[in-house]
Each structure stands twice: as structure tokens, then as C-alpha cells.
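> fold the following, please.
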Amino acid sequence: MPASQNNIKLLTGNSHVELSHLISEKLNIGLANVTAFQYTNRETAVIVGESVRDEDVYVIQTGCGEQNINDYLMEMMVIMNALRTSSARRITAVIPNFPYARQDKKDRSRAPITAKLIANLLQTAGCNHVITMDLHASQIQGFFRVPVDNLYAEPLVLRYIKEKYNKDDLVIVSPDAGGAKRVASIADKLDVRFALIHKERQRANEVSRMVLVGDVKDNVCILIDDMADTCGTLCKAADILMDNGAQKVIAIVTHGIFSSNAIEKLNLSRLDKIVCTNSMPLADKLQKCPKLEIIDISPILAEAIRRLHHGESVSYLFNNAPS
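Numbers count the residues shown, from 1 in each chain. Below you'll find the predicted structure:
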């Protein structure tokens, strides 16, 4: 029999407390009393202020922060280890933006597969299950020996596009070849055309040349990507599309990392708008960038937690967006 609702605990680290509160409200379950902090020598310490014995526990922590990503990762592992030694029945890591997801393969000599290392560390810390969203590389699921539910922002993106835009003058665009499959899927479900931008890189985070494949003249172009980091790709893609006669360009991404001077680039770019989910804390970015708009993913994460807790199928969420 599924466990009762009384056996569930929600815990949050310090990376994205706002999202944790939104998930908590959707589930009508308060956040458990846990304190994570650093000593003056920057060692991470955790205090779990209530019993978790034989509980189904969900630790919400996202991979974010130009300076703090490693601190937050360590914080999550210390919390999970504290839960394991406190006899929690099951520990699920809810990680909307999986850290180090771009280091998923040996793409050069002596390169580390850091995403695999993170998977090993999480399992060693006590993780029994992982919930994440729009993994940069789906094979990361295979790095784990425990179940991984990779959720998709696509249902929310589809709903947003249908509500905001007329499909008759719409073109969905992939900013690189790697995202072509994702973009084709969205274009098919919307019954609109899609285009592709082929890019060549000389080094990481630096695009040297971009070529458009497809016709975008007099159309509204929607760029779809899984993450926006320095935003060089999105800004150059917007230039290419506008130079080829696009009416306007909107970018929709799942993970808005916006590191370095990304916000300044977006403000100066030819993008009409950039839409991203709240998988990352973006309150400070919203104040600095009037083009930025947020899609709330807490309903999907909350429903995934509820379904997992009660032993129901999570695959329903792959194509349906809960309200």
C-alpha cells in the first residue's frame, strides 16, 4: 500500500528557498526544520531539527550560483547523509538544474566525466532516487544505480506558446544541431515550421560562426534551448534571425544560468523577450533585465513528488502540465 501523506517530509537547502516554498504550498505540506550553514572556515554543517525516522524525505536543492554551486552541492550531500544516519526510509534528491550536466562525456584526452562523479557522490551520501528536469544529456540517467525521473519543461512551454502567440506566423528555431530533436518535437505538437542554426565553436562558451537553415522571413521566431549560460549563442542567433527577415525573436530556455555579463548582453541584444523557468533563483536578474519572463515549474515538481510518494506513474507529466 502507498505510504500515507503523514510519512512525507520536504527539506530545502539554501540554493533556491523560493522554489521550495512554492512546491510546499502546492503540496500543502510545510517545509521540515533543517538548518544548513557554514563555519568561519567554510566547512558545511547541517542541523535537522525534527525526526525523519521511517519517513519519505525529499531534499530540494538546485545547481546554481557562480560562486556557490560547489557549496550548495556539498550542502545537499551533507543533508542527505544526515538523513540516512537518522533512519529515513527513502531519500529523494529534487534537483531541477543538475550540476555539472555539461561534463557528461570524454570529449578530449584526459577529460573527466564529472556528471558521473556527481552521481556517485549523491549515491554515496545516501540518495535513493533523483528528480530532475531537462537534463543537458539524457544519458546522465544511466550514471546512477538508483531511479532517475527526468521531467520536461516542454508541456509548460507548449502551453505558454499557445496562450501568447498565433501559430500561423510562428517558426520554432533550434540554436544548435544538438537541440534539433527537442525543437522538432515542439514544432510538431504546435503544427508549425521549424528552423535550425548550425554553430561552430573554437572553444567552450565561444561561438565562431553560425549558419541558418530554414526560412524565417516575416515570422515570429522562438528560440528553444535547455540552458542559457553566457547567452552568447542566443544573442548571435537573434542577430542571424533578424538579419534574415524575422519579425521578432523570443528565446525560451529551461535553465537560466545567466553567468558573467549575460544580463548585460541580453539587454543589448535584438531579442524581444527571454522566457525561462524558475529552476534557478532569478529575483535579482528580473530587476536588471526587463526582457526576462518566468515560467513556474513548481506544479510539475510538486505533482512528481506526490506521484512518487504514492507509487503512481510519473510519465503522465512528460506530456501534461498540471495547473
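
> need the next SSE after the helix or strand of the chain with the lowest mean pLDDT, C-terminal direction.
Within the chain, judged by mean pLDDT, DSSP states H and E, the helix or strand with the poorest mean is strand 206-213; its value is a mean of 75. Once the chain leaves strand 206-213, the next helix or strand it forms, by DSSP states H and E, is strand 220-228.

> contacts for the next helix or strand after that next one, please.
Per DSSP H and E, strand 220-228 leads on to helix 232-243 as the next helix or strand towards the C-terminus. The set of residues external to helix 232-243 that reach it, using C-beta atoms under 8 Å, 6 or more residues apart in numbering, is 173, 175-176, 197, 199, 205-207, 210-212, 216, 221, 223, 225, 228, 249, 251, 253, 265-266, 268-271, 274. For the C-beta atoms, the positions are set from N, CA and C on the backbone; glycine is no exception.

> likewise for stretch 145-160?
For stretch 145-160, the surrounding residues in contact (C-beta under 8 Å, 6+ apart) are 123, 127-135, 138, 140-141, 182, 185-186, 189-190, 224, 252, 254, 275, 277, 295, 297, 300-301, 304, 308, 314, 317-321.

> just the buried members of the contacts of helix 232-243?
For the contacts of helix 232-243, burial is judged from neighbour counts taken by 16 or more other C-beta atoms under 10 Å, and it is met by 173, 175-176, 197, 199, 207, 210, 212, 216, 221, 223, 225, 228, 249, 251, 253, 265-266, 269-271, 274.

> so what does the residue nearest to the spatial centre of the chain have for phi and psi?
When C-alpha atoms, centre = their mean is applied to the chain, the residue found nearest the centroid is Asn97 (3.7 Å). Asn97 has phi and psi values of phi -110, psi 110 when expressed as degrees, to the nearest 10.

> that one and Pro281 touch, don't they?
No - applying C-beta atoms under 8 Å, one finds Asn97 not in contact with Pro281, separated by 10.4 Å.

> shared neighbours of these two, which are they?
With contacts defined as C-beta under 8 Å, 6+ apart, the residues shared by Asn97 and Pro281 are Thr62, Cys64.

> residue ranges with poor pLDDT in the stretch 201-323 of the chain?
Segments of the stretch 201-323 of the chain classed as low confidence (criterion: pLDDT under 70) are 201-208.

> likewise for the stretch 51-200 of the chain?
Of all residues in the stretch 51-200 of the chain, those with pLDDT under 70 make up the ranges 66-67, 200.

> hey, where'd the helices end up in it?
Counting by DSSP state H, counting those that start in this stretch, the stretch 51-200 of the chain has these helices, from start to end: 69-84, 114-125, 154-164, 180-190.

> quick check: buried residues in the last one?
When neighbours are counted by 16+ other C-beta under 10 Å, the buried residues of helix 180-190 are found to be Ala180, Arg182, Val183, Ser185, Ile186, Ala187, Lys189, Leu190.

> strands - which of the contacts of stretch 145-160 land there?
Filtering the contacts of stretch 145-160 for membership in strands, criterion DSSP state E, returns His129, Val130, Ile131, Thr132, Met133, Ile224, Ile252, Thr254, Val275, Thr277, Ile295.

> could you give the bridge partners of the last one?
On the basis of DSSP bridges, Ile295 is bridged to Thr277.

> then the fourth one?
The partner list for Thr132 in beta bridges (DSSP bridges) reads Ile95, Asn150.

> now do the domain split for this protein, please.
Under automatic domain parsing, the residue ranges defining each domain of the chain are 5-152+298-318, 154-295.

> and the longest one, how far out from the chain's middle?
The chain centre lies 12 Å from the centre of domain 5-152+298-318; the measure is C-alpha atoms, centre = their mean, to the nearest Å.

> same question, stretch 283-297
Taking C-alpha atoms, centre = their mean, one finds the center of stretch 283-297 at 15 Å from the center of the full chain.

> just stretch 211-218 next, same as before
Between the mean C-alpha point of stretch 211-218 and the mean C-alpha point of its chain there is a distance of 28 Å (C-alpha atoms, centre = their mean).

> just the endpoints, please. Distance across that stretch?
Start to finish, the residues bounding stretch 211-218 are 18 Å apart (C-alpha to C-alpha, to the nearest Å).

> same check on stretch 144-152?
End-to-end for stretch 144-152, by C-alpha to C-alpha: 19 Å.

> contacting residues around the residue nearest to the centre of the chain?
Residues touching Asn97, when contacts are defined by C-beta under 8 Å, 6+ apart, comprise Thr62, Gly63, Cys64, Thr132, Met133, Met227, His255, Ile257, Ser279, Met280.

> tell me which of the residues you listed is nearest to Gly13?
Comparing these against Gly13 with C-beta to C-beta places Thr62 closest, at 8.6 Å.
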